[in-house]
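Undergrad: just to be clear, the model below is a prediction. Sequence and coordinates:
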Amino acid sequence: MVSSLFADNWAESVIVDCPHVVPSQQPVSEVLDWFNRPASAGAIAPPRCVLVIDDSELRGIVTATDILRSLAAGRSLDGMAIAEVMTTPVICIQRDQLTEPAIALNLLQQHGIHYLVVVDANASVVGVISSDHLNQTLWQRLQQFTSLSPAASSAPAAPAAPALTSQQWQQKELPLLYRITQDISQAPDLNTALVATLRHICEDTGWVYGEVWMPSPEGNSLHCDTANYCAEPQFLAFRQASRNLQFLPNQGLPGRVWTTQQAEWLQDTSQEDVEHFLRVRAAQQCGLKAGFGVPILSHQQSHQQTNQPAHQQTNQQVVAVLDFFSADARQPDPALLTLMNSVAAQLGQMIERKLWEEALIRSEATHRALISALPDLVVRMSGDGIYLDAASNPSFHTYCGDRDLIGKRAHEALPADVADLRIEHIQQALATGTVQVYEQQFLDEGDLRIEEVRIVVCGDNEVLVIARDITERKQTEA
């Protein structure tokens, strides 16, 4: 239906043909004023992006969010070049491939970007399509279409909350993103980061309740995360109704957003069919009306892409679904929708980074627990008997500390006969690819010590050596 609303020259109404262009080595400080320029009243808001072009070649694109991300990371803008903050590669499309609005919409949503660069057949820049302006244009055409429809006069419309203009929402976007970026970067864990994110979004955009849905470890369902925002106590009952639920793909608002990887707006959840919105009774009891779900996508797209017209798929996955609700019924607000999609696009990288940080912490904790539970010395050695890495239980005595082993040769760390035996079995393991198991004996501070040693190939000309003290076992067996 979207295509039928537009004439063949639809693209001319949404392509802004005068984007700001700078070279890659231009200082960031020199373009800040350009980002802060006011838009002319009644005019189409110019794209808040800068194209980076060197020798007629499109090198990258910079938005205010890119600059804010650097500031939030504690980097100084003094002396920083545009090349250090630009996003690359740039998602482009040829002008003659824009046969319908859905193509531009899909590319913007698929790549989680706010600006789509339009080029000609020679890869020269024609202009930029802003998701904000495209959504506004689509919405205006849709309203014109429905006003002419016979059904439009008889269909009851949900009452609309006072809507901000596109420029007013745009003015909110940068401060909101900056606060979220700061809080996420300083948060000690993912839960704290998500709570701060929900609070900022709800307080800035008028939602009274927000929650997070995370994919299960198996990836087959969504569960309600502990992070939430609740403006009034009366909405806590909705939280209780959500906390033990799990949504399958395409089930309920979170499940549909998870499957389609696209935002969804419900004008009045209290009027929805229970099959379409499972928590309708809870929403009715709490007084929640409008609902909105938005996916948070990872940004694992291919880096083999060049600045050529692109329809290629990305490897994006949903890392979370955010749901928001208001106490009033709301008609979809295209400007607010654009703001929420823009914020969600930036959240993907931040949340994914927090997930990796927590996974790393868990991995390190597991590693430490395993090492402490095993009375072994574990070392990685090269084929010629050089220690590359080492870790041991504190109760396991080594000839020198773990760190002191690294870089030494076997004959520098072990008695000569023990070192000869070690080298022999290392070479045997590398030659045959089989696990080598043997016992070694030596005097340790005057006492006989017996160890069982296992050697397994772990890389190109590298082995893992695990030594276990079996002195007590041997003495018991004797």
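TA: The structure has been received and is ready for your questions. Numbers count the residues shown, from 1 in each chain.
Undergrad: can you list the weak-confidence ranges in the stretch 101-250 of the chain?
TA: Regions of the stretch 101-250 of the chain meeting the criterion pLDDT under 70 cover residues 135-136, 138-174.
Undergrad: tell me the strands in the stretch 301-450 of the chain, going along the chain?
TA: 318-325, 376-382, 387-392, 436-444, 447-459 (DSSP state E, counting those that start in this stretch).
Undergrad: report the strands that pair with the fourth one, each with its relative direction.
TA: In its sheet, strand 436-444 lies beside strand 447-459 (antiparallel), with partners assigned from DSSP bridges.
Undergrad: count the neighbours of residue 125 for me.
TA: Neighbours of residue 125 under the rule other Cβ atoms under 10 Å: 19. In short, each C-beta sits where N, CA and C put it, glycine included.
Undergrad: residue contacts, it?
TA: Residues in contact with residue 125 (Cβ atoms under 8 Å, 6 or more residues apart in numbering) are 19, 21, 51, 53, 58, 117-119.
Undergrad: let's see it at 7 Å
TA: The contact partners of residue 125, taken as Cβ atoms under 7 Å, 6 or more residues apart in numbering, are 51, 58, 117, 119.
Undergrad: just the ones in strands from these, please.
TA: Under the assignment DSSP state E, the contacts of residue 125 contribute 51, 58, 117, 119 to strands.
Undergrad: need these in TSV with neighbour count and distance to residue 405, can you?
TA: Shown next, in TSV, are those (neighbours: other Cβ atoms under 10 Å; distance: Cβ to Cβ, whole Å):
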residue	neighbour count	distance to residue 405
51	20	54
58	22	52
117	22	54
119	20	57
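Undergrad: including distance to residue 182, could those residues go into TSV?
TA: Listed next are the ones in strands among the contacts of residue 125 as TSV, based on distance: Cβ to Cβ, whole Å:
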residue	distance to residue 182
51	28
58	31
117	29
119	36
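Undergrad: tell me the one of those nearest residue 337?
TA: residue 117 (22.0 Å; Cβ to Cβ).
Undergrad: what is the most widely separated pair among the ones in strands among the contacts of residue 125?
TA: Of all pairs in the ones in strands among the contacts of residue 125, the most separated under Cβ to Cβ is 51 and 119 at 10.8 Å.
Undergrad: show me where the stretch 1-150 of the chain has its helices.
TA: In the stretch 1-150 of the chain, the helices defined using DSSP state H, counting those that start in this stretch lie at 32-35, 64-72, 101-111, 131-147.
Undergrad: no, scratch that, I was asking about the stretch 251-400 of the chain
TA: 252-260, 280-286, 334-373.
Undergrad: and residue 293, bridged to which residues?
TA: residue 264, residue 323.
Undergrad: ok, residue 466 next?
TA: residue 378, residue 454.
Undergrad: wait, what's in contact with residue 284?
TA: Contacts of residue 284 (Cβ under 7 Å, 6+ apart): residue 270.
Undergrad: quick check: residue 48 vs residue 470, distance?
TA: Between residue 48 and residue 470 the computed distance is 68 Å (Cβ to Cβ, to the nearest Å).
Undergrad: so those two - more neighbours on which side?
TA: Neighbours were counted for residue 48 and for residue 470 using other Cβ under 10 Å; residue 48 has more, 22 against 16.
Undergrad: do you know how far the more buried one is from residue 205?
TA: 19 Å.
Undergrad: and residue 34, by the same measure?
TA: In terms of Cβ to Cβ, residue 34 sits 26 Å off from residue 205.
Undergrad: give me the more crowded residue out of the two.
TA: residue 205 (20 against 13).
Undergrad: name the residues of stretch 256-267 that are buried.
TA: Using 16 or more other Cβ atoms under 10 Å as the test for burial, stretch 256-267 gives 256-258, 263-267.
Undergrad: ends of it, what's the gap?
TA: 16 Å (Cα to Cα, to the nearest Å).
Undergrad: any idea of the mean pLDDT in that stretch?
TA: Across stretch 256-267, pLDDT averages out at 93.
Undergrad: show me how far it is from its chain's centre.
TA: 18 Å (Cα atoms, centre = their mean, to the nearest Å).
Undergrad: let me know how buried the closest residue to residue 133 other than its chain neighbours is, in neighbour terms.
TA: Spatially, and ignoring its direct neighbours in sequence, residue 133 is nearest to residue 14 (5.7 Å; Cβ to Cβ, 6 or more residues apart in numbering). Look at residue 14: counted by other Cβ under 10 Å, it has 24 neighbours.
Undergrad: fine by me, thanks again.
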